[in-house]
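*Asks:* Structure of the sequence below:
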Amino acid sequence: MSCTDLKYPLLLGFALLLSLPAHAGGDAGGIPTVRVQLLDLEGPLATPDAEVSGMTWHGDTLVILPQFPDKFAPEGMLGFFGVAKYKLLEAIDGSGPPINPAVVYCKAPGLAGVVRGFDGLEAMGVIGDRYFMTVEAEDDTVMAGFLVTGNYDMVDGLVVMDMDRLISIPMGLNIPNVAEEAIVIDGERVITLSEANGLNVNPAPKAKVFDVEAEFVGTLPMPQIEYRLTDASALDEEGRFWVINYYFPEEISKVDPAPDPELQRFGDPDSFDPDRCVERLLELQLTPDGRIVRTGRPPIDLELLPDGECRNWEALVRLDDRGFLLMTDKYPGTLLGFVPFPLGE
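*Replies:* Below is the predicted model:
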């Protein structure tokens with residue numbers, strides 16, 4: 001599959017009307033808990049080596065970004081994965097085969113060599129046929145983030161990354177293995193979000209804003225979000241979007257959590273257990289006056305595994321009005337899940 005195949009027709013639109021969402025776990029302290037419906041995966045993406053770090057929609061195709069996409073392509077190329085939306089809908093409704101994404105080849109010669117301390121790709125966004133990706137790097141003990149861009153090439157049928165333009169992202173903090181984990185597209189603005197927005201590690205978090213030419217144009221204030229922010233969905237017509245909010249107990253010293261504002265606002269402030277993972281979705285909003293704020297909607301807690309094992313959710317997209325698609329990296333394996341909106345949404 002080449003990048004020319006990125007636009008599938010939307011089939012089975014009627015599937016949006018089929019089946020009530022699976023809702024389980026009940027509500028505790030006003031916070032709904034929803035079970036993740038896992039979808040069967042086949043092919044290279046199903047292996048832990050995929051280390052998925054982001055997802056985005058290009059038309060009606062879900063484009064999946066591995067952290068190290070050169071693993072899945074010939075030299076000088078990147079191997080993303082693409083899945084038609086109708087196949088995802090069939091899998092969710094139980095009428096389709098396992099998901100076996102096709103490889104999408106994109107040209108990016110020497111990307112890892114261009115970025116000193118290259119530590120993988122973290123997020124992806126699309127404006128028309130123009131791609132934007134964030135790069136994480138660690139030069140000695142200093143973390144760095146970059147924005148790279150590419151355009152669809154009508155002649156070769158590829159997305160060709162511009163390796164002469166490597167845009168530095170002003171990080172504002174230096175925490176090992178923490179960089180810009182999400183991209184939100186606002187018209188022709190590219191907004192990147194940091195993984196760390198907690199009070200004790202980043203007292204004044206900012207989103208970074210770039211224009212369509214990937215030039216840095218400023219920052220937007222962010223709300224306090226404890227633990228980690230690992231990806232974001234697209235904006236809706238009101239400027240609202242969702243983010244993954246994840247806590248892994250072994251990272252407690254790194255994230256240094258302050259009192260959780262979500263529990264203070266919607267639940268029991270004393271219910272945080274440092275030995276128990278947090279897997280949830282939060283709704284944010286880009287306001288007309290240029291701020292990113294937390295909305296009044298409660299978090300969506302994901303029902304945890306019964307054995308207490310944490311799932312490192314790293315990729316998120318909204319699936320129409322049905323809910324969300326999420327993917328993990330290699331912990332505890334590569335998982336593709338569907339999360340319906342809680343009943344009553």
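*Asks:* okay, CA-based contacts and neighbour counts for the rest of this
*Replies:* OK.
*Asks:* Let me know the pLDDT of residue 103.
*Replies:* Note on residue 103: pLDDT of 88.
*Asks:* Let's verify it: helix, strand, or coil?
*Replies:* Here residue 103 is recorded as strand under DSSP: H, G, I helix; E, B strand; the rest coil.
*Asks:* same question, residue 264
*Replies:* What three-state DSSP gives for residue 264 is helix.
*Asks:* That one - how many residues pack around it?
*Replies:* Using other Cα atoms under 10 Å, residue 264 has 12 other residues around it.
*Asks:* now residue 91
*Replies:* By the criterion of other Cα under 10 Å, residue 91 has 18 neighbours.
*Asks:* That one contacts residue 97, doesn't it?
*Replies:* Yes - with contact defined as Cα atoms under 8 Å, residue 91 reaches residue 97; the gap is 6.5 Å.
*Asks:* so who does the closest residue to residue 299 other than its chain neighbours touch?
*Replies:* What sits nearest to residue 299 in space, not counting adjacent residues and going by Cα to Cα, 6 or more residues apart in numbering, is residue 282, at 4.9 Å. By Cα atoms under 8 Å, 6 or more residues apart in numbering, the residues touching residue 282 are 242, 243, 244, 245, 294, 298, 299, 300.
*Asks:* Tabulate the CA atom coordinates of the helix or strand hosting residue 282 in CSV.
*Replies:* If you go by DSSP states H and E, residue 282 is part of strand 278-286. Taking Å, rounded to 0.1, in the frame of the first residue of the first chain, the C-alpha atoms of strand 278-286 are listed here in CSV:
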residue,chain,number,x,y,z
VAL,A,278,-4.8,5.4,36.2
GLU,A,279,-6.2,5.0,32.6
ARG,A,280,-8.6,7.6,31.7
LEU,A,281,-9.8,10.2,29.1
LEU,A,282,-10.2,13.9,29.8
GLU,A,283,-12.1,16.5,27.7
LEU,A,284,-10.3,19.8,27.0
GLN,A,285,-11.4,22.8,25.0
LEU,A,286,-9.5,25.4,22.9
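*Asks:* in its sheet, what does the next helix or strand after that strand sit against?
*Replies:* Next along the chain after strand 278-286, taking DSSP H and E as the criterion, comes strand 292-294. As defined by DSSP bridges, the strand partners of strand 292-294 come to strand 278-286 (antiparallel).
*Asks:* now the strands for the stretch 201-345 of the chain?
*Replies:* For the stretch 201-345 of the chain, the strands defined by DSSP state E, counting those that start in this stretch occupy 206-210, 216-221, 228-232, 240-247, 278-286, 292-294, 300-302, 313-319, 323-328, 336-340.
*Asks:* Export the ones you listed to CSV and append columns for distance to residue 189.
*Replies:* Converted to CSV, these look like this (distance: least, Cα to Cα, whole Å):
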stretch, distance to residue 189
strand 206-210, 6
strand 216-221, 9
strand 228-232, 15
strand 240-247, 15
strand 278-286, 12
strand 292-294, 14
strand 300-302, 28
strand 313-319, 18
strand 323-328, 23
strand 336-340, 28
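*Asks:* closest to residue 50 out of the ones you listed?
*Replies:* Of all the strands of the stretch 201-345 of the chain, it is strand 323-328 that lies closest to residue 50, at 9.7 Å by Cα to Cα.
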